[in-house]
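Q: next comes the sequence, and after it the predicted model I'd like to discuss.
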Amino acid sequence: MKSLMLSKGLIGVVAIGFSYGVYRIFRGFTKAELRENIKKQIMKCYNESQNQGFVEPFDILQTFSKNEQGIEFHIKLVKSLAKKPVGHQQNINPLIEPFQPGQLVMKLQNYNILLNKFPVNPYHTLLVPQQFIHQTEKFSKEYLSLAYDVLSAVEGFAFFNSHPEAGASLDHKHFQIVPKSAYQSANILNHIKEWWFERSVRQPNKFTKLRYLKKTKHFIYFFNQDILQNKNCDEQQQQNQLYEAYEKLLMKCQVNDIRDLKHNLIMTQEFLMIVVRKQATFNGVSLNAVGFTGSLLAKNEQECEKLKQTRIIEILENLAQTDEQCYSDVDEC
């Protein structure tokens, strides 16, 4: 009887939430199969949640581009962003149960995948610890690795805002993940990837900075693709690769207490990037990590006009912390 109850219990867990540990161990799914399942579930839930009215429509009212130093920045006026409340002023935590209808995509071991009510791109999701962790706390190996699985599933990128001055709107720790289509306007990320793949000699253990932002404190660290993209790469290897990059970036930023480090993280399948922030707003424009991908989103006509009138690189330079130091171990791309 106990054995039967246990068997039913395990089946129930898998059916309602795809618990990560149970799902991997008892079903024997490979990482590729897990990622494919995550992708299908995100697409299914997003499409259904639109009918339920949970996700705000991703309506672009205006779009234009500005080319600065070889980077074509894409600017969009997105109607739904004007409706987004200031999270730190909310009386409830929208990232814990009970969830709104259409919000929950998938339950994983210790984490939930949730839809973003105010998406910056269709199929925009959040990877959230089930237990409350402050946004300023350090990432665990497990968290980084699972975020990598989700972004790989949708072939997109993940971004993180550590603090209100870095664009965070909620204190409950969460990674945000957008799919492949987001790369159409993320030309800073495209520039970094193209620079890396065009190099005849690649040095995965060397830091990189963007040449047009070289006086700001930011660093890029490329993963060892021979390990991460190997079909035999196991969970422990993936965790170690990602966490090593994360630790090295923090060390490069000379961090004593990460809770005091106002920063953005951007993770792709190829690299991890950190931007140390000075402030959230410059000249009437507020940007989070997405701005440092080359895609800029305005929530109203006033912000849109400011983005038209001001050099984008000047905005990014003023949002990030200044760094005049010369580095012998840093390339420029």
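A: Perfect, I can see it now.
Q: any weak-confidence spans in the stretch 51-200 of the chain?
A: 86-91, 200 (pLDDT under 70).
Q: show me where it has its helices.
A: When assigned using DSSP state H, counting those that start in this stretch, the helices of the stretch 51-200 of the chain occupy the ranges 141-153, 187-198.
Q: could you dump these into a markdown table with mean neighbour count and distance to H74 added?
A: Backbone N, C-alpha and C define where each C-beta goes, glycine included. Converted to a markdown table, these look like this (neighbours: other Cβ atoms under 10 Å; distance: least, Cβ to Cβ, whole Å):
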| stretch | mean neighbour count | distance to H74 |
| --- | --- | --- |
| helix 141-153 | 22 | 20 |
| helix 187-198 | 17 | 7 |
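Q: shouldn't N121 be in contact with S181?
A: Yes: N121 lies in contact with S181 (Cβ atoms under 8 Å); the separation is 6.4 Å.
Q: okay, the two: which has more neighbours?
A: Taking other Cβ atoms under 10 Å, N121 and S181 do not tie; N121 has more neighbours (24 against 14).
Q: distance-wise, check the more buried one relative to F58.
A: N121 sits 7 Å away from F58, going by Cβ to Cβ, to the nearest Å.
Q: so can I have JSON lines of the helices of the stretch 51-200 of the chain showing distance to Y246?
A: Output for these, formatted as JSON lines (distance: least, Cβ to Cβ, whole Å):
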{"stretch": "helix 141-153", "distance to Y246": "6"}
{"stretch": "helix 187-198", "distance to Y246": "17"}
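Q: how about the ones you listed, which one is nearest N232?
A: Checking the helices of the stretch 51-200 of the chain against N232 by Cβ to Cβ gives helix 141-153 as the closest, at 15.6 Å.
Q: and the closest one, what does it pack against?
A: Packing contacts for helix 141-153, counted by 3 or more Cβ pairs under 8 Å, 6 or more residues apart in numbering; DSSP states H and E, involve helix 31-52, strand 111-115, strand 125-129, strand 157-161, strand 175-178, helix 235-252, strand 263-267.
Q: who's in contact with Q135?
A: For Q135, the contacting residues are N161, S162, H163, A168, L170, D171, H172, K173, H174, by Cβ atoms under 8 Å, 6 or more residues apart in numbering.
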